[in-house]
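[1] dropping the sequence and predicted coords here.
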Amino acid sequence: MKHFVRKALIKSAHYLEIGAKRFQSAADKVIPAKQVFLKDCEQSGWQNIRPCFVLSTGRSGTRLLTDILLSAPDAMPLHEPRPELYRPSRLAYEQLKDQPEIFREVFKSAREEYLLKAIQQEKIYVETNNQCTFFAPIIRDIFPKAIFIHIVRHPGAFVRSGIRRKWYSGSHSHDIGRIEPLTEPLKAQWPAFSLIEKNGWLWNETNQYIEDFKSSIPAEICLTVKAEDLFANPEASKQIFTFLTLNGFQESLVRKMLRKPVNPQRKGNFPKYSDWTAEDKTALKQVCPLAEKYGYQL
């Protein structure tokens, strides 16, 4: 009955024109919530939910993924849950190993109400916000059935997007949460780094952090996806639906969504990677050794 109600609402709302959030909200009002409370979740040790957290650098297609997942009747995808954890995310990168109990409590307090709502509505919670990335090592301590998706994008495309958004320029409001090298000699060299080198280092360091985390968990609970595949091929979305055990994958719908870019970068001028100078490409290559692992030629 629940899936029938949602399907009818989706059809009547003209999905592509008004957007997924509107009809999903309408469906939520129609479908009665399951009577579950936070104390029930605590008593079960949060064994009653299998949430998914997307790990990435950001600027890697997570907004598109969120919109695609909104078409699934049994998914509750969130791209920017509040609080977004900009400053705590950086602190997690710096201090999580030394004070894991504090970061467990911070992350749990920030997300437990969302997961409770997902349980009450019998949905699969999927967080696509990249700010959860540096909390990854303690997430399964809190939510033991959590699974993960790692999305990686070509470092040149990522760096271009970051520079156009003025990351590490001192004028971006979220630079307060942007990580920087913690150890020498990079810490001393950092002020002299170009924006290509700083954003390239961010790409490599974040993905290395994710790779280190992936090596500590069973391979079957993390799916790695290239952003380029997500942007171009519905098969990547289908693979994600299968991994998440979601219903309602519609290839024709995904193809329509892929024709219109989601969350494109419109401001800032910086050339595409293919138009960079040889010097700039070399600078990126030097700070992005992981590029080869993912099959990116720099």
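    Received the coordinates, thanks.

[2] just for the stretch 51-200 of the chain, where's the confidence low?
    Scanning the stretch 51-200 of the chain for pLDDT under 70 picks out no residues.

[3] all strands of the stretch 1-150 of the chain, in order?
    52-55, 75-78, 124-127, 147-152 (DSSP state E, counting those that start in this stretch).

[4] wait, the stretch 151-298 of the chain
    Taking DSSP E, counting those that start in this stretch to define them, one finds strands in the stretch 151-298 of the chain at 222-226.

[5] need the contact list for residue 227.
    60-61, 151-154, 157 (Cβ atoms under 8 Å, 6 or more residues apart in numbering). Any C-beta I mention is one placed from the backbone N, CA and C, and that applies to glycine too.

[6] which of these are buried?
    The neighbour-count test (16 or more other Cβ atoms under 10 Å) marks 60-61, 151-154, 157 as buried among those.

[7] ok, which stretches of the stretch 101-250 of the chain are helices?
    Secondary structure of the stretch 101-250 of the chain (DSSP state H, counting those that start in this stretch): helices at 136-142, 155-164, 186-189, 195-214, 227-232, 234-244.

[8] looking at those helices, which is buried most?
    helix 155-164 (a mean of 23; mean count of other Cβ atoms under 10 Å).

[9] okay, now residue 190: neighbour count?
    Residues near residue 190, counting by other Cβ atoms under 10 Å, number 14.

[10] how about residue 113: what's its closest non-neighbour residue?
    residue 38 (7.9 Å; Cβ to Cβ, 6 or more residues apart in numbering).

[11] what about the one you found, distance to residue 121?
    15 Å (Cβ to Cβ, to the nearest Å).

[12] related to what we said a few turns ago, and of the contacts of residue 227, the nearest to residue 194?
    Distance to residue 194, by Cβ to Cβ, is smallest for residue 157 among the contacts of residue 227, at 17.3 Å.

[13] which non-adjacent residue is nearest the closest one?
    Residue 157 sits nearest to residue 273 (Cβ to Cβ, 6+ apart), 6.2 Å away.

[14] for that neighbour, what are its contacts?
    So residue 273 contacts 154, 156-157, 159-160, 281 (Cβ under 8 Å, 6+ apart).

[15] which of those sit farthest apart?
    157 and 281 (12.9 Å).

[16] how is this protein partitioned into domains?
    Recorded structural domains for the chain (assignment: automatic domain parsing) are 1-32, 36-291.
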